[in-house]
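Peer 1: fold the following.
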Amino acid sequence: MAHRGKKYKEAAAKIEAGRQYSPAEAVALVKETAYTKFDSTIEVHMRLGVDPRKADEQVRDVVVLPHGLGKTVRVLVFAKGEGSRLAREAGADAVADDDATLKKIEGGWMDFDVAIATPDMMGAVGRLGRVLGPRGLMPNPKAGTVVPEKDLPRAVKEAKAGRVEFRLDKTANLHVAIGKASFDITQLSENFAALMEAVVKARPAAAKGQFIRTLTLSATMGPGVRVDPMQAQTMNVKE
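Peer 2: So this is what the prediction gives:
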């Protein structure tokens, strides 16, 4: 067991062991137990009742969080001609529309958080897989980051607003940030509800039995707060 500091122990003491809290109680408690000097990130961790080894039981989708993530998202767009103009007008931080920019990325330039591409650019983008792939920055149709030229303004604005991808890991878990400890309870609750709605919609047809097995909220370095999965799945985004 790793040594836990005094602040962690004080925070953990506020959480009732073995109890599953309602979503509203959990959000209030995770804010109360965030103790870092910096603005902690609030994360949702859930274990799903699927087999990650099976192709028809994968869980991967995106959600636009109503209140974003509390950070500036830098967006790079791979597009040419009209697409590059649309991307710039929509607020893209950088547009890769020439060989010089592609070579710069190949050389290790990574001053962006999200990469979006039009389908006609994927041949060029594919050659950057070695640098983009390991960082999770490779544009992908399933993640909504490969879009037709006409959809670039929407994709750029969503990425800037707080569009988050979630993807099952090898142990059947999802780990998704929903904001910062400085967010108010309403902002965190609405982001949490939007995520839960998206996860429930992304349930694979092949999944059997209880879909969300365990659900926990935590702040950076803080203790986990268990949430009742059944209540969380029926949260109303409008509440």
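
Peer 1: can we go C-alpha only for contacts and neighbour counts from here?
Peer 2: Will do.

Peer 1: tell me where the model's unsure across the protein.
Peer 2: Residues of the chain that meet the criterion pLDDT under 70 lie in 1-3, 236-239.

Peer 1: buried residues in the longest helix along it?
Peer 2: In the chain, with assignment by DSSP state H, the single longest helix is helix 185-201. Under the neighbour-count criterion of 16 or more other Cα atoms under 10 Å, helix 185-201 has 185, 187-199 buried.

Peer 1: domain assignment for this structure?
Peer 2: 17-69+163-233, 75-160 (automatic domain parsing).

Peer 1: got CSV for those domains, with distance to Glu10 too?
Peer 2: Converted to CSV, the domains of the chain look like this (distance: least, Cα to Cα, whole Å):
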stretch, distance to Glu10
domain 17-69+163-233, 8
domain 75-160, 35
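
Peer 1: can I take it that Ala87 is in a helix?
Peer 2: Yes: checked against DSSP: H, G, I helix; E, B strand; the rest coil, Ala87 lies within a helix.

Peer 1: identify the residues contacting it.
Peer 2: 77, 79, 95, 152-153, 156 (Cα atoms under 8 Å, 6 or more residues apart in numbering).

Peer 1: which of these lies closest to Leu132?
Peer 2: Closest approach between those and Leu132, by Cα to Cα: Val77, at 13.1 Å.

Peer 1: let me see the backbone angles for Glu25.
Peer 2: Dihedral pair for Glu25: phi -60, psi -40, per degrees, to the nearest 10.

Peer 1: do Arg53 as well
Peer 2: Dihedral angles for Arg53 - degrees, to the nearest 10 - are phi -80, psi -10.

Peer 1: list the contacts for it?
Peer 2: Arg53 sits next to Lys170 when contact means Cα under 8 Å, 6+ apart.

Peer 1: repeat that for Val63.
Peer 2: Val63 makes contact with 163-166, 194-195, 198, according to Cα under 8 Å, 6+ apart.

Peer 1: re the thing from before, I'd like to know which of the contacts of Ala87 is nearest to Val62.
Peer 2: Distances from Val62 to the contacts of Ala87, taken as Cα to Cα, are shortest for Val156 (13.8 Å).

Peer 1: next one: Met196 from Asp111, what distance?
Peer 2: Look at Met196 and Asp111: by Cα to Cα, to the nearest Å, they are 30 Å apart.

Peer 1: ditto for Thr214
Peer 2: For Thr214, the distance to Asp111 - Cα to Cα - is 36 Å.

Peer 1: who's more crowded, those two?
Peer 2: Taking neighbours as other Cα atoms under 10 Å, Thr214 and Asp111 compare with Thr214 leading, 18 against 12.
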